[in-house]
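A.B. asks: Give me a model of this one.
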Amino acid sequence: MNIRMNTRKTAVLAATGLLTLAISGCSLFPHKNALNGPEYSSDTLPPVLGVGSVDAEGSKRKLCSEGELAQLFASVDPALGELLKTRTFYFGTDSSDLSAANAGSLDAHAVVLAKSLAKVQLSGHTDERGTHDYNLALGERRANALARYLVSHGVSDDRLAVVSYGKEKPASDGHDEAAWSQNRRVEIEYSECKLAR
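C.D. replies: From the prediction side, this is the model:
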């Protein structure tokens, strides 16, 4: 009888200990914020007003040429040139969290959008794994994560449009991690490359 009671007490204590550890585990290992500020995942932030899917008419708008972009970027701030070359941002598997490595380039794009009349389309993409609907939603979450970051850095939400292509427009046609890592991305595409008056 005594052995059963001790075994039961040990089991209860062990279960209580595990539950306590699980509850307190969040505070034992703080979440590392990739961008040293609020989490820029569209899973954790409210939607940005005015940012939504691009309609058929919006998707037909003329994108800026590389020449127009070079002229726009140089007119705004030539010192940002290297940072502005990055217009594709990559994501981890099943993730819409931005990497800390993206902050400098995104800040530079925010400066351009604040000092010009340019608009951008944020095109979300995924790798080939997952269902069609899942990948469309994930691509949209990724594009919205960039939109939220830009809005939080002073860009008006009416300058941004979000579209998700899911897995329909891969950057790489391979079927391995090397290809998938190139396909998990958001591309910034500029239109209306004009300086503010």
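
A.B. asks: Give me the buried positions along stretch 155-174.
C.D. replies: 155, 157, 159-167, 170 (16 or more other CB atoms under 10 Å). All C-beta spots, glycine's among them, are computed from the backbone N, C-alpha and C.

A.B. asks: can you tell me which of the residues you listed are in strands?
C.D. replies: Counted as lying in strands by DSSP state E, out of the buried residues of stretch 155-174, are 160-166.

A.B. asks: Out of the residues you listed, which comes closest to E140?
C.D. replies: Among these, S164 lies closest to E140 (CB to CB), at 3.9 Å.

A.B. asks: Assess the claim that that closest one and A137 are in contact.
C.D. replies: Yes: S164 is within contact range of A137, at 7.4 Å (criterion: CB atoms under 8 Å).

A.B. asks: Need the buried residues of stretch 155-174 in a markdown table (columns: pLDDT and distance to K119).
C.D. replies: Listed next are the buried residues of stretch 155-174 as a markdown table, based on pLDDT from 0 to 100; distance: CB to CB, whole Å:
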| residue | pLDDT | distance to K119 |
| --- | --- | --- |
| V155 | 95 | 10 |
| D157 | 92 | 11 |
| R159 | 93 | 5 |
| L160 | 95 | 7 |
| A161 | 95 | 7 |
| V162 | 96 | 12 |
| V163 | 95 | 13 |
| S164 | 96 | 18 |
| Y165 | 96 | 19 |
| G166 | 96 | 23 |
| K167 | 96 | 26 |
| P170 | 96 | 25 |
